[in-house]
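Visitor: have a look; sequence and predicted model below, questions after that.
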Amino acid sequence: MGYCFTEDGMMSVWSELEKRYDIYAPKRFAGKGRFSDTDCVRYGQVHSATEIVFDKKAEYSAKEFLLPNAETLFYFTEDQILESACKEKEMLVFLRSCDLHAIKRLDAVYLEQGFIDSYYKRLRDKVKFVLMGCPKAFDTCFCVDMGTNKSTDYDMSIDKVNDKYYMDCKIEEWTELFAQSAERVQDVQPAYVTETKTHVNLPVQMPNTMLQSDLWREYDGRCIACGRCNFVCPTCTCFTMQDMYYTENGKAGERRRVWASCMVDGYADVAGGGTYRKKHGERMRYKVLHKVWDFQKKHGYPMCVGCGRCDDICPEYISFSHCVNGLKKACKEVMENE
Ligand code: SF4
Ligand code: SF4
């Protein structure tokens, strides 16, 4: 059922929703941008719909609510282990279609590979998603080519048109409250884009020789292995472990898992002092092939959802979409010459 809210109607519903949920959405952080005197749009807790930024892409994705960038798993002493408590309140997370498709990728990794990650699941069970309609694509988005531009798998949807909010609500228990504060509207459909400026063509065959292709050499010099592209990516799921010791003898402390990045030094270190993928181009190859080839072979759909955040954030202006298109071209050339 659809609803049309004025600002006042939205405020009264919001205060009821906040009793049940912590609400998170893209919001503006003044002066926190990458360059001086610029703002940053990223996720934060919002206490009113007016705080939500609808017309900019959040620099970071919504994955931090399911996979915190540093999460304490348990506390230990010499002879005891105490599992960390889970956040008590439920969460309502506003996100766009590509990011909702990214949640499907996280679920595949953490819930559907023959093992259920209990730390992921306990947060996942607390989250409801509000799909933010996308009336137009941002410059680096390529969601249409990745098939992630449209989503129906939401709990609620929201579109802001002028000073009105149009919402679809699939959660039965909220429909009465919504009806009291809004005008009922037939057939509310969240907006979605059908065209993007950026296009990506995925390879359909992968010759083995692509592993040694010169294509990757460009990134040996250009990439500085900062890992930003991984941290903003809604589908990067790797973490590493850190033990924090409270005492000098190391017998009391906590174990955390923290985000890891396949692009940075140390990620592929192994026992005995070895390291895989020393060259930055080799790391780029590993990341790109995982996003558009290996994951697809295993799950039937690519890992990348085409949000374009990695292109937006790279300090060296390295474009993932450009690289994928170069990969497709190089694969085609190899196949034609075989
Ligand atoms: S690889 Fe880049 S475009 Fe694809 S989902 Fe990750 S951040 Fe978005
Ligand atoms: S953000 Fe750019 S420079 Fe940094 S690791 Fe990724 S590709 Fe390399």
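Guide: Good, I have the coordinates. Ligands and ions are numbered 1, 2, ... in the order given.
Visitor: give the contact list for whichever residue of the stretch 101-250 of the chain sits closest to ligand 1.
Guide: Residue nearest to ligand 1 within the stretch 101-250 of the chain: residue 233 (3.3 Å; Cβ to the nearest ligand atom). Glycine gets a C-beta too; all of them are placed from N, C-alpha and C. Contact partners of residue 233, counting by Cβ atoms under 8 Å, 6 or more residues apart in numbering, are 61, 307, 309, 310.
Visitor: can you rerun that using 10 Å?
Guide: 60-61, 63, 102, 261, 287, 291, 303-305, 307, 309-310, 313, 320 (Cβ atoms under 10 Å, 6 or more residues apart in numbering).
Visitor: write out the residues of the stretch 201-338 of the chain neighbouring ligand 2.
Guide: Within reach of ligand 2 by Cβ under 6 Å from any ligand atom, the stretch 201-338 of the chain has these residues: 223-229, 263, 313-316, 318.
Visitor: residue 308 versus the most centrally placed residue in the chain, what's the distance?
Guide: Among the residues of the chain, the one closest to the centroid is residue 234, at 1.8 Å (Cα atoms, centre = their mean). Taking Cβ to Cβ, to the nearest Å as the measure, residue 234 falls 11 Å from residue 308.
Visitor: so what sits against both of the two?
Guide: Taking Cβ under 10 Å, 6+ apart as the contact rule, residue 234 and residue 308 both touch residue 98.
Visitor: any idea how far the residue of the stretch 101-250 of the chain closest to ligand 1 is from residue 312?
Guide: 11 Å.
Visitor: show me what residue 165 is bridged to.
Guide: Note on residue 165: beta-bridge partners by DSSP bridges are residue 5, residue 160.
Visitor: mind starting the numbering at 863 from now?
Guide: Renumbered: residue one is now 863, and that last one reads residue 1027.
Visitor: so what's the residue nearest to residue 1059 when sequence neighbours are not counted up against?
Guide: For residue 1059, ignoring the flanking residues on the chain, the nearest one in space by Cβ to Cβ, 6 or more residues apart in numbering is residue 1001 at 5.5 Å. When the contact criterion is Cβ under 10 Å, 6+ apart, the partners of residue 1001 are 919, 1058, 1059, 1060, 1170, 1173, 1174.
Visitor: adding pLDDT, neighbour count and secondary structure, write those residues out as a markdown table.
Guide: Listed next are these as a markdown table, based on pLDDT from 0 to 100; neighbours: other Cβ atoms under 10 Å; DSSP: H, G, I helix; E, B strand; the rest coil:
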| residue | pLDDT | neighbour count | secondary structure |
| --- | --- | --- | --- |
| 919 | 97 | 22 | coil |
| 1058 | 98 | 22 | coil |
| 1059 | 97 | 11 | coil |
| 1060 | 98 | 21 | coil |
| 1170 | 98 | 26 | coil |
| 1173 | 97 | 21 | helix |
| 1174 | 96 | 17 | helix |
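Visitor: distance to residue 1133 added to these, as JSON lines?
Guide: Converted to JSON lines, the contacts of residue 1001 look like this (distance: Cβ to Cβ, whole Å):
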{"residue": "919", "distance to residue 1133": "41"}
{"residue": "1058", "distance to residue 1133": "44"}
{"residue": "1059", "distance to residue 1133": "46"}
{"residue": "1060", "distance to residue 1133": "41"}
{"residue": "1170", "distance to residue 1133": "38"}
{"residue": "1173", "distance to residue 1133": "36"}
{"residue": "1174", "distance to residue 1133": "37"}
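Visitor: out of those, who's nearest residue 1111?
Guide: Taking Cβ to Cβ as the measure, residue 1174 is the one of the contacts of residue 1001 closest to residue 1111, at 45.8 Å.
Visitor: would you check that that closest one makes contact with residue 921?
Guide: Yes: counting by Cβ atoms under 10 Å, residue 921 is a contact partner of residue 1174 at 7.0 Å.
Visitor: joint contacts of the two?
Guide: Shared contacts of residue 1174 and residue 921, defined by Cβ under 10 Å, 6+ apart, are found at 1090, 1094.
Visitor: do I have it right that residue 1089 meets residue 1102?
Guide: No: counting by Cβ under 10 Å, residue 1089 does not reach residue 1102; the two are 11.7 Å apart.
Visitor: between those two, which is the more surrounded one?
Guide: residue 1089 (18 against 12; other Cβ atoms under 10 Å).
Visitor: contacting residues for the more buried one?
Guide: Applying Cβ under 10 Å, 6+ apart, the residues contacting residue 1089 are 1098, 1121, 1122, 1123, 1124, 1125, 1126, 1127, 1129, 1145.
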